[in-house]
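Asks: I'll drop the sequence and a predicted model, then ask my questions.
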Amino acid sequence: MKNSILKIVLLCTFLILFSCEKEKPKPKPKVKPSIAGVILSFDDAYVNAWFDTDQELKKYSWKGTFFVSKINTLKHYQIQKLLQLQKEGHEIAGHGLHHYNAADFTRVHTINEYMDQEINPMLKLMSFYGLKVSSFAYPYGGRTKKLDAALLKKFKIIRGRAFCEEVANKQGCYYNNSNLVFSFSIDDTHNHFNIPHLLQLLDYAKKNNKILILNSHKTVKNVTADYQTKNATLELICQYIKRNNMKFYTLSDLNKLK
Ligand SMILES: [Zn+2]
């Protein structure tokens, strides 16, 4: 009797194990998640204009990356605005203490001198203010490979400027898994900027699952000078992103995709 019970128990165990083995889910083919989106970045020290633009674009749950230069010249209330932007999920990043053209500067000075004058004091002051800086953009896009190497010891990701190709897929302004990226300027008086071209760049990002990297300077209602981007242009980009289920990224978000 005992023996037959034992046999039944063993048989059941075998059947359970066998059936479990059979029910193991087959590995699904890997589908790459959609990452298509846009980085909106802003350079220099137009804190008041940026803060006002944020009030208008909040309704899109947008995200910007603000590359701040001359942090030592900002007023206390402007630092408070930067802290508020950071708190809302925007990124505050570095753009040089004096806004030197790094490539020009290092033609006559060493890289160590550049770091001592332009980068280290900027990082120290921004950290003192509570700004968490991990990205950097070159003023005027002026860079060299040696500077890239030195700056990537201080920052997780650095941004240069893409100088223009007419055809979207030849543009260097899409994220390409590198920690050195390039942006396309959407300033209104930039030679290569116009709305149809911008839409072409956005379409290419959407169709090819890419992240488009854009930059501007002062955000304005009406353009009165160079280095200004219309709020209407930013609004158009935000609407495109929402309509096409694309994403807003900050520059440091790119590190999380690796
Ligand atoms: Zn600049």
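Replies: Cool, got the structure.

Asks: tell me which stretches of the stretch 101-250 of the chain form helices.
Replies: All helices of the stretch 101-250 of the chain, identified by DSSP state H, counting those that start in this stretch, fall at 102-108, 111-114, 120-128, 145-151, 195-207, 231-243.

Asks: quick check on residue 97: phi, psi?
Replies: Dihedral pair for residue 97: phi -70, psi -40, per degrees, to the nearest 10.

Asks: surely it meets residue 69?
Replies: Yes - counting by Cβ atoms under 8 Å, residue 97 touches residue 69, with 7.3 Å between them. All C-beta atoms are positioned from the backbone trio N, CA, C, and that covers glycine.

Asks: coming back round to it: want to try CSV for the helices of the stretch 101-250 of the chain, with mean neighbour count and distance to the ion as columns?
Replies: CSV is the format used below for the helices of the stretch 101-250 of the chain (neighbours: other Cβ atoms under 10 Å; distance: least, Cβ to the ion, whole Å):
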stretch, mean neighbour count, distance to the ion
helix 102-108, 16, 11
helix 111-114, 15, 16
helix 120-128, 15, 13
helix 145-151, 15, 15
helix 195-207, 16, 20
helix 231-243, 17, 18
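
Asks: quote the end-to-end distance of stretch 239-249.
Replies: By Cα to Cα, to the nearest Å, the extent of stretch 239-249 from end to end equals 15 Å.

Asks: mind checking how far it is from the chain centre?
Replies: Offset of stretch 239-249 from its chain centre (Cα atoms, centre = their mean, to the nearest Å): 14 Å.

Asks: same question, stretch 229-242
Replies: The answer for stretch 229-242 is 16 Å, by Cα atoms, centre = their mean.

Asks: can you tell me what sits against it?
Replies: 37-38, 40, 53, 56-57, 60, 62, 186-188, 195, 198-199, 202, 214, 216-223, 246-248 (Cβ atoms under 8 Å, 6 or more residues apart in numbering).

Asks: Produce a PyMOL select command limited to the buried residues of these.
Replies: PyMOL command restricting the contacts of stretch 229-242 to the buried ones, with burial defined by 16 or more other Cβ atoms under 10 Å:
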select buried, resi 37+38+40+53+57+62+186+187+188+198+202+214+216+217+218+219+220+246+248
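
Asks: coming back round to it: right, so of the helices of the stretch 101-250 of the chain, which gets closest to residue 86?
Replies: helix 120-128 (10.5 Å; Cβ to Cβ).

Asks: next, give phi and psi for whichever residue of the stretch 151-258 of the chain sits closest to the ion.
Replies: Residue nearest to the ion within the stretch 151-258 of the chain (Cβ to the ion): residue 217, separated by 6.8 Å. Residue 217 adopts backbone torsions of phi -120, psi -100, taken as degrees, to the nearest 10.

Asks: how much space separates it from residue 122?
Replies: Note on residue 217: its distance to residue 122, by Cβ to Cβ, to the nearest Å, is 18 Å.

Asks: one more: residue 73?
Replies: Taking Cβ to Cβ, one finds residue 73 at 12 Å from residue 122.

Asks: list the contacts for the closest residue to residue 212 other than its chain neighbours?
Replies: Here the nearest residue to residue 212 in space, its sequence neighbours aside, is residue 205; by Cβ to Cβ, 6 or more residues apart in numbering that works out to 4.2 Å. By Cβ under 8 Å, 6+ apart, the contact set of residue 205 is 36, 37, 38, 174, 211, 212, 246.
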